[in-house]
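Chemist: Sharing a sequence plus its predicted fold:
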Amino acid sequence: MAVSEVKICNLALRKLGARLIESLSDSSQEAVTCNLFYEQVRDAVLREHPWNFAASRARLAKLVDAPAFGFAFQYQLPVDCLHLRQLSGAEDEFVVEGDKILTSIDSASAVYTVKVTNPVLFDPSFVMAFSARLAAEMADDITGSTTKAREMWTLYLNAMQAARLADSAEGREDSILNDPWLEARGIHGEDSPVWGR
């Protein structure tokens, strides 16, 4: 069965021991709560890791006006950009201000995270992390239990750890070796047994 918005919501609801929904247009509390949180949680989880399935590259549109100070050029942020990962080179300095990218790089290109809305395109490990975060965010409204909410946050952090390791192993090992999020969780790049050589 293909991944869908309803399926992701039902994964979250199942973790909470709540009733499943048949449609996001249901009038049930579960469906209303899923509708309230779904898009915001999806975008938040997309921003938290440079997911391979959500990566995109583009040549940036330079704007006529230069920044008032600090940088030589400014570019328009792509409309589908959720998180700017890097410019033309990994060491290129930039800052995002509103919907503009400020940098001193001429003719800049960007690697960024796209706002992926079609669940069919989601990586399976992203689906598990997303559904766990959705459960964590909805737990108080659905169950009224702060204990359940804490359980779901722990589940989410564990799901994200597994997802980051799996996703970063596909051509992005260098970025995970120095990932401060993983270091805070006790995984130290080349020192970890996962990265034994």
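Modeler: All right, it came through fine. Numbers count the residues shown, from 1 in each chain.
Chemist: make it CA atoms for all contacts and neighbour counts henceforth
Modeler: Noted.
Chemist: Strands along the chain, start to end?
Modeler: Assigned by DSSP state E, the strands in the chain fall at 55-59, 61-62, 73-76, 81-87, 94-97, 100-103, 109-114.
Chemist: OK, contacts around the residue most central in space within the chain?
Modeler: For the chain, L46 is the residue whose C-alpha lies nearest the centre (CA atoms, centre = their mean; 1.6 Å). L46 sits next to 54, 82, 113, 115 when contact means CA atoms under 8 Å, 6 or more residues apart in numbering.
Chemist: which of those residues sit farthest apart?
Modeler: Spatially, the most separated pair among the contacts of L46 is A54 and L82, at 9.6 Å (CA to CA).
Chemist: joint contacts of the two?
Modeler: Joint contacts of A54 and L82 (CA under 8 Å, 6+ apart) are 46, 113-115.
Chemist: so what's R42 closest to, chain neighbours aside?
Modeler: Using CA to CA, 6 or more residues apart in numbering and skipping the chain neighbours, the partner closest in space to R42 is F130 (6.4 Å).
Chemist: for P50, that is, sorry about that
Modeler: Nearest to P50 is T113, by CA to CA, 6+ apart, at 6.7 Å.
Chemist: wait, the one you found sits on E48?
Modeler: No - T113 is beyond contact range of E48, at 9.9 Å (criterion: CA atoms under 8 Å).
Chemist: Which one of these two is surrounded by more residues?
Modeler: Counted by other CA atoms under 10 Å, T113 and E48 do not tie: T113 has more neighbours, with 25 against 13.
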